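[1] With the input below, show me the fold.
(2 chains, ligands or ions: 3)
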Amino acid sequence: MGKKILLEHVNVPGINTLEVYRQNGGYASVEKSLKTMAPEVIVEEVKKSGLRGRGGAGFPTGMKWSFLAKPEGVERYLVVNADESEPGTFKDRYLMEKIPHILIEGMITSSFALGAKTSYIYIRGEYFYVARILEAAIEEAYAAGLLGKNILGTNFSHDVFVQIGAGAYICGEETALLESLEGKRGNPRIKPPFPAIAGLYGCPTVVNNVETIAAVPYIVMNGGDAYAKIGIGRSTGTKLISASGHINKPGVYEIEMGITVEDFIYSDEYCGGILNGKKLKAVVAGGSSVPILPAGFILTTEKGEPRLMTYESLSDGGFVSGTSMGSGGFIVYDETTSIVKNLYTFARFYHHESCGQCSPCREGTGWMEKILHRILEGHGKPSDIDLLWDIQRKIEGNTICPLGDAAAWPVASAIRHFRAEFEEYINHPERITDVKHLQELVS
Amino acid sequence: MSNQVSGAQAFDKTQRAKIVFSDEALKTVQKIITRYPEGKHKSALLPVLHIAQAEFGGWLSPETMDYVASVLKIKPIEVFEVASFYSMYNLKPVGKCNLEVCRTSSCWSRGSEDIVKYLEKKLGVKVGETTSDGMFTIKTVECLGSCGGAPMLQCGSSFHENLTLEKVDTIVENYRMEGKQKSYTDLDYKNTL
Ligand SMILES: Cc1cc2nc3c(=O)[nH]c(=O)nc-3n(C[C@H](O)[C@H](O)[C@H](O)COP(=O)(O)O)c2cc1C
Ligand code: SF4
Ligand code: FES
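    Ligands and ions are numbered 1, 2, ... in the order given. Here you go, the predicted model:
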């Protein structure tokens, strides 16, 4: 069993309540940080921990915090990103539902480090029941003097509010999220300025993922060095992985970074192998936006080494033979899966979710969906593969926010690794009725 | 914009009388506004639209949107811009129970298309349509963060996971018996902090 930091007490009955959470050591980091630590020292510990943002981009959290502007007399904000809409990702929901107080504890300590008097949790509207769980936990924290004025008798006062979204993937992008929190459409802002300088209401703001903030109490209690000892190299600590698709045990797993992908897929501690004893065909390792990899590439790097569940190992080989940790949304596909159809579900998703501000993204995602649809319907043309390739190239890097790239990469990787399957759909649509034979086409 | 104005002019006094928040809802709205700094009350728009949708029949009519604009002291166009951007706001009437089946990768890979087909056959309507008794609307939606329970559907704020055709039968029967309007805010938004 690997080390658990976030989910250690997940099966303790009543851990969602303040009482049981505290009996299990909860809120000790608030006591410790507010009473014995200077804010800069906390930022320093987070830097030492090597913690990287768990929302998808993997940016070092301590560094992000140290960029926060601190002009005299201007409010600063912490905003927790609980929008969690990247297909394949459901870890934040699990954590907030089971152990809501770990997020609130992390928010109090982090806000103290950042000098924020107010913080918001922006949660996707579809998680309405989770918002209610958070609100109940927040109410408990206020009643216990852990939130509000002069927390635990110190000079630090803090308020936490939950804001619900209303169905828009793009609001997970941090500047779209801030727009949405200001009561507007979720149109990403042009950067710079970055939120650290001008974020919510134009004030310096840190936006962090739920899982990132939930790791802060451990770092404060045990020190950044202790956190950095878990994991391998620059992939420090534990990571929540949302596992879904054709596996025996879908669910959320906390892994110590450094276990092998093979172990994660096949061992009983985690996914428990492929459903119905079938063979593995492909994996999307970090949510829909990261490149899909065929079985051979996901299990082994180009150098022939076993691939590990770390930021570095998953991206080993770049986009030629590697992928990315992304949000930790790990989707497994068995041998009968149609990669073209699967890609179509992603293309449709990105088209649906494009905010429409940039023409390459707005038009390109629509084109990709349409072309993939016609290929699936048996009306594809041989030139369609190159056309798809061309469109995704023209989106990538040419947009205001990374949604454009996120829409391009799945298309690029599917064509790169499964070209033969696209050709089969186009040249022999009559043979596609039984997708099982697509397995033989894997390059 | 012009549509909005004419919509607002078109409704008569009886309708106008209907579109007023209950005292309870109004109290919640007031409370929500206090979460934001002075002058930033527009931030309340998304949560308030959820409340409005729950209060006024499960969708946002032009009249409802105008009303929300007047409550938050913003322009009607600011409300419409937002209401038309987010997928959870219905700009047309919907059935009492919105059965929203996820169709994205994880759910698709575990059979969500069969669930949709089965629902269509069972209820005699297609995706996007509402049954003639006004009870059910079938929708397909993108990933709801429930991929580990694929295939899944959401109705109101309830997640129904690991669906089988038998489970779908039970879910539909239960909602039929309840016969109540389901919205995301059916989880007692009135207690919202
Ligand atoms: C289209 C898009 C969607 C995103 N969705 C999410 C999300 O749902 N949750 C999240 O934490 N980050 C999401 N991100 C990343 C955020 O922009 C941001 O990097 C992150 O919240 C920062 O927190 P972290 O440093 O703790 O990861 C998304 C980014 C993009 C471009
Ligand atoms: S890349 Fe797409 S989602 Fe992002 S700002 Fe441009 S149009 Fe909107
Ligand atoms: S793919 Fe259906 S809930 Fe995520």
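[2] Of all the residues in chain B, which one is nearest ligand 1?
    residue B:145 (8.9 Å; CB to the nearest ligand atom). (Glycine included, C-beta is placed from N, CA and C.)
[3] Surely that residue is in contact with residue A:93?
    Yes: at 5.0 Å, residue B:145 counts as touching residue A:93 under the criterion of CB atoms under 8 Å.
[4] The residue of chain B closest to ligand 1: what's it in contact with?
    Listed by CB atoms under 8 Å, 6 or more residues apart in numbering or on different chains, the contact set of residue B:145 reads A:84, A:85, A:89, A:90, A:92, A:93, A:124, A:126, A:127.
[5] Within the helices and strands, which one has residue A:370?
    helix A:359-376 (DSSP states H and E).
[6] and that helix, is it in reach of ligand 1?
    No: under the criterion of CB under 6 Å from any ligand atom, ligand 1 is not reached by helix A:359-376; the shortest gap measures 10.1 Å.
[7] now the helices: where do they sit in chain B?
    B:2-10, B:13-18, B:23-33, B:45-55, B:62-72, B:76-83, B:105-109, B:112-123, B:165-178 (DSSP state H).
[8] So which of the ones you listed is the most surrounded?
    helix B:105-109 (a mean of 29; mean count of other CB atoms under 10 Å in any protein chain shown).
[9] Is it correct that residue A:253 falls within a strand?
    Yes: counting by DSSP: H, G, I helix; E, B strand; the rest coil, residue A:253 falls inside a strand.
[10] so it makes contact with residue A:240?
    Yes: assessed by CB under 8 Å, residue A:253 is found in contact with residue A:240 at 7.2 Å.
[11] partner strands of the lengthiest strand in chain A, parallel or antiparallel?
    For chain A, the strand with the greatest residue count under DSSP state E is strand A:238-245. Using DSSP bridges, the strands paired with strand A:238-245 are strand A:251-256 (antiparallel), strand A:329-334 (parallel).
[12] Give me whichever of those is most buried.
    strand A:329-334 (a mean of 28).
[13] Run through who's touching that one.
    Here strand A:329-334 has contacts from A:86-90, A:241-247, A:264-265, A:271, A:274-276, A:278-288, A:339, A:342, B:105-106, B:109, B:147, using CB under 8 Å, 6+ apart.
[14] in the stretch 51-200 of chain A, which spans are strands?
    For the stretch 51-200 of chain A, the strands defined by DSSP state E, counting those that start in this stretch cover A:77-82, A:118-123, A:159-164.
[15] So which of those has the densest surroundings on average?
    Among these, highest average neighbours (mean count of other CB under 10 Å) belong to strand A:77-82, with a mean of 28.
[16] Quick one: list the elements packing against that strand.
    helix A:100-114, strand A:118-123, helix A:174-181, strand A:205-209, helix A:210-214 (3 or more CB pairs under 8 Å, 6 or more residues apart in numbering or on different chains; DSSP states H and E).
[17] would you turn these into JSON lines with mean pLDDT?
    Formatted as JSON lines, the helices and strands packed on strand A:77-82 follow (pLDDT from 0 to 100):
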{"stretch": "helix A:100-114", "mean pLDDT": "98"}
{"stretch": "strand A:118-123", "mean pLDDT": "98"}
{"stretch": "helix A:174-181", "mean pLDDT": "98"}
{"stretch": "strand A:205-209", "mean pLDDT": "98"}
{"stretch": "helix A:210-214", "mean pLDDT": "98"}
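[18] and of these, who's closest to ligand 3?
    That would be strand A:118-123 among these, by CB to the nearest ligand atom, at 15.8 Å.
[19] Name the strands paired with the closest one and say parallel or antiparallel.
    Strand A:118-123 is paired, per DSSP bridges, with strand A:77-82 (parallel), strand A:159-164 (parallel).
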